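>>> generate coordinates for the sequence data below:
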Amino acid sequence: MPDETNAKAMSIIVTKGTLDWAYPPFILATTAAAMGLEVTMFFTFYGLTLLKKDLNLKINPLGNAAMEMPMGGGHMSMPNILAAMPGATALTSAMMKNMLHKKGVASIPELREMAQEADVNMIACQMTMDLFEYKREDMIDGISLGGAATWVDAATRCQINLYI
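Model prediction:
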């Protein structure tokens with residue numbers, strides 16, 4: 001059985017940039033940091049958008065069969081045929097944002113700020129920055145730039161490595 005006291009560092013590769021995929025890495029990172037772990041988050045491909053100053057996060061219900069929303073005391077899923085209709089993404093995004101707000105769940109900007117306050121090392125993938133033609137000024141302050149080797153260097157010192 002592994003010695004639980006060895007888990008002192010965690011890295012997370014963040015690859016998705018939708019509202020529903022933004023929560024897991026930030027919640028895990030801030031929780032681990034609050035528990036005393038050194039945390040590195042590496043934002044690449046569409047996950048990189050979570051570091052942009054201007055966020056407009058959405059949920060795409062198309063192809064997301066597990067997406068159920070509480071309604072009338074039960075749960076309702078959205079059939080793919082409805083998800084493909086114009087306005088479905090805006091509707092489900094607004095519904096999710098409303099539900100998060102009503103339940104008192106921190107927003108992604110708030111979670112990002114909490115991560116920064118907890119000294120979570122947030123790395124923007126330089127290759128992805130170049131690929132999608134983002135500029136450093138498009139991103140929030142307090143992050144670093146690096147490539148795959150930067151993440152590998154951090155990950156080799158971590159006991160926990162997650163890919164989200």
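>>> for the rest of this, base every contact and every neighbour count on C-alpha atoms.
Will do.
>>> for the residue nearest the centre of the chain, what is the enclosing helix or strand?
With distances taken as CA atoms, centre = their mean, Ala22 lies nearest the centre of the chain, 2.7 Å away. Assessed by DSSP states H and E, Ala22 sits inside helix 19-34.
>>> immediately after the least confident helix or strand in the chain by mean pLDDT, which helix or strand?
Across the helices and strands of the chain, mean pLDDT, DSSP states H and E gives its lowest value to helix 80-83, namely a mean of 65. Counting by DSSP H and E, the next helix or strand C-terminal to helix 80-83 is helix 88-102.
>>> run through who's touching the very next helix or strand once past that next one.
Sequence-wise, the next helix or strand downstream of helix 88-102 (DSSP H and E) is helix 108-117. By CA atoms under 8 Å, 6 or more residues apart in numbering, the residues outside helix 108-117 that reach it are 22-23, 26-27, 29-30, 33, 142.
>>> flag every buried residue along helix 108-117.
108-109, 111-116 (16 or more other CA atoms under 10 Å).
>>> so where's the chain uncertain?
Within the chain, the stretches with pLDDT under 70 are 1-7, 63-66, 69, 76, 78-84.
>>> recalculate using a threshold of 80.
1-7, 60-88 (pLDDT under 80).
>>> just give the number of residues close to Thr18.
Thr18 has 18 neighbours, counted by other CA atoms under 10 Å.
>>> I'd guessed it sits against Leu57; true?
Yes. The pair Thr18 / Leu57 is scored as a contact, 5.6 Å apart, by CA atoms under 8 Å.
>>> coming back round to it: need the contact list for the residue nearest to the centre of the chain.
16, 47, 50, 108.
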